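Enquirer: no sequence for this one, just the structure:
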Ligand code: 2IP
Ligand code: CA
């Protein structure tokens, strides 16, 4: 069955906005929030962190996305994969499978079990889960292509940068638009990929905590989407270089694009993780170097043009961290590639064909979350010239 891509993208944006509402609601009440945090164990755990948490917000967000997308496009829910398992253990040691029930009352009853009987909190969350989100985004209507439903599958990262979500402060300061830590580094990532090629098709990055209103103490957020399919590339950043129909905003974006692609080599900037290897840190020290938390957030910095490149040399990100940002970067003419494979091809002199990340193939012989790791690290970029320059710099030093 063929679906209108604009319908799928609209549903993804709606699901991401509802998820952002859940993430904000859970964070708002500190006491409630402490009740919701649970440590991940065994094969669920990211080896990078001493402790790796999951929160009810993560689990609930993932289930809401599955439920809402499945209701709109029956059958698709079986092809939606995420970081979290939907099992939660409450303080009484009861295992509860979190999900969205047929009615708000039933969802509230289920959530109350996880919340140790706190019916007020459960009712609040259930009302958000069952509240219909509507958004005015006329740009979504510009997408006119159709796509067969059975070609699509979805990766969801319900809350990326869970550590910042749990421990991050609200009042961090940014440098050149980039937050090194804090709630701004939290993102919700939903990416659709092609089941047979494994390449990304469309995606949404939602940033639930952008600015906090000092009077109401309420946070507002923002979202970005992008799609590239059969020669069509369109992004919420209005990247389309379609002269006749350009509004002032469109022209601003085109200008920004031009500046980004013309950034000279000594103006190149890179964002990396604080845990990046010393070799990479020193190789990149001649450039404008930023540190930031969150794989999704670092990719978002590239999407927004705050930095030229996000580079990670290690295997600590996963398919769900990259699929959505990759789709958006692709719609802007960039992408996400396998870092180690790029390095190899660069040394062999054949970097013409880029080793783009793909989303349908597990790592051979790996188990648990490591099956879906981006084994060779990654480089996320908006402009090919910047990718080449970074790879030249890295391959000229001994790591
Ligand atoms: C994490 C999160 C971390 C990131 C790590 C991801 O996902 O994005 O922040 O590490 O690679 O897997 P870093 O911030 O050092 O880049 P999650 O928070 O969903 O576990
Ligand atoms: Ca993640």
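Expert: Cool, the structure landed. Remember, it's a predicted structure, so these values are computed and weren't measured experimentally. Ligands and ions are numbered 1, 2, ... in the order given.
Enquirer: could you look up the SS state of the closest residue to ligand 2 within the stretch 251-399 of the chain?
Expert: Minimum separation of the stretch 251-399 of the chain from ligand 2 (CB to the ion) falls at residue 321, amounting to 4.4 Å. Where you see a C-beta, it was placed from the backbone N, CA and C, and this is true even at glycine. Using DSSP: H, G, I helix; E, B strand; the rest coil as the criterion, the local structure at residue 321 reads helix.
Enquirer: which residues sit in contact with the residue nearest to it when sequence neighbours are not counted?
Expert: Taking CB to CB, 6 or more residues apart in numbering as the measure, residue 321 lies nearest to residue 295, with 4.0 Å between them; neighbours along the chain are not counted. Listed by CB atoms under 8 Å, 6 or more residues apart in numbering, the contact partners of residue 295 are 160, 161, 312, 317, 321, 322.
Enquirer: before we move on, the earlier item: and the residue of the stretch 251-399 of the chain closest to ligand 2, how close does it get to residue 124?
Expert: Summarising the geometry, the distance separating residue 321 from residue 124, computed by CB to CB, to the nearest Å, is 29 Å.
Enquirer: so which of those two has more stuff around it?
Expert: With other CB atoms under 10 Å as the criterion, residue 321 and residue 124 differ in neighbour count, and residue 321 comes out ahead with 29 against 18.
Enquirer: pretty sure the more buried one sits against residue 156.
Expert: No. Contact criterion CB atoms under 8 Å: residue 321 and residue 156 do not qualify, at 10.8 Å.
Enquirer: hey, what's in contact with both of the two?
Expert: With contacts defined as CB under 8 Å, 6+ apart, the residues adjacent to both residue 321 and residue 156 are residue 189.
Enquirer: where does residue 174 fall, phi/psi-wise?
Expert: For residue 174, the backbone dihedrals (degrees, to the nearest 10) come out as phi -100, psi 160.
Enquirer: tally of neighbours for it?
Expert: Neighbour tally, residue 174, other CB under 10 Å: 12.
Enquirer: in this structure it contacts residue 181, no?
Expert: No. Taking CB under 8 Å as the definition, residue 174 is not a contact partner of residue 181, at 10.5 Å.
Enquirer: the strand ranked longest in the chain near ligand 2 at all?
Expert: Longest strand in the chain, counting residues (DSSP state E): strand 200-212. No. Legend: contact between strand 200-212 and ligand 2 by CB under 5 Å from the ion is lacking; minimum distance shown is 11.9 Å.
Enquirer: which strands and helices lie in contact with that strand?
Expert: For strand 200-212, the contact count by 3 or more CB pairs under 8 Å, 6 or more residues apart in numbering; DSSP states H and E identifies helix 5-28, strand 187-194, strand 219-229, helix 295-303, helix 319-331 as packing neighbours.
Enquirer: take the ones you listed and write them to a markdown table, including distance to ligand 1.
Expert: Formatted as a markdown table, the entries for the helices and strands packed on strand 200-212 read as follows, by distance: least, CB to the nearest ligand atom, whole Å:
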| stretch | distance to ligand 1 |
| --- | --- |
| helix 5-28 | 12 |
| strand 187-194 | 8 |
| strand 219-229 | 17 |
| helix 295-303 | 4 |
| helix 319-331 | 5 |
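Enquirer: ok, which of these comes nearest residue 76?
Expert: With distances scored as CB to CB, the stretch of those nearest to residue 76 is helix 5-28 (8.6 Å).
Enquirer: per-residue pLDDT, residue 104?
Expert: Model confidence at residue 104, expressed as pLDDT, equals 97.
Enquirer: can you name the residue of the stretch 101-250 of the chain nearest ligand 1?
Expert: Nearest to ligand 1 in the stretch 101-250 of the chain, going by CB to the nearest ligand atom, is residue 162, at a distance of 3.9 Å.
Enquirer: isn't that residue right next to residue 61, touching?
Expert: No. Taking contact to mean CB under 8 Å, the distance of 11.1 Å between residue 162 and residue 61 leaves them out of contact.
Enquirer: which of these two has more neighbours?
Expert: Regarding residue 162 and residue 61, a neighbour count based on other CB under 10 Å identifies residue 61 as having more, with 31 against 25.
Enquirer: circling back to that earlier point, can I get the helices and strands packed on strand 200-212 in TSV with mean pLDDT?
Expert: As requested, the helices and strands packed on strand 200-212 are arranged in TSV below (pLDDT from 0 to 100):
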stretch	mean pLDDT
helix 5-28	93
strand 187-194	98
strand 219-229	96
helix 295-303	98
helix 319-331	98
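Enquirer: pipe the ones you listed into TSV and attach distance to residue 368 per row.
Expert: Rendered in TSV, the data for the helices and strands packed on strand 200-212 read as follows (distance: least, CB to CB, whole Å):
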stretch	distance to residue 368
helix 5-28	25
strand 187-194	20
strand 219-229	30
helix 295-303	18
helix 319-331	14
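Enquirer: what comes up buried for stretch 73-82?
Expert: With burial defined by 16 or more other CB atoms under 10 Å, the residues of stretch 73-82 counted as buried are 73, 76, 77, 79, 80, 81, 82.
Enquirer: I should have written stretch 375-395 there, sorry.
Expert: When burial is assessed from 16+ other CB under 10 Å, stretch 375-395 yields the following buried residues: 375-383, 386-387, 389-391, 393-395.
Enquirer: run a quick neighbour tally on the nearest residue to residue 108 once chain neighbours are set aside.
Expert: Across the structure, with CB to CB, 6+ apart as the measure, the residue nearest residue 108 apart from its sequence neighbours is residue 126 (3.8 Å). The local packing of residue 126 (other CB under 10 Å) involves 24 other residues.
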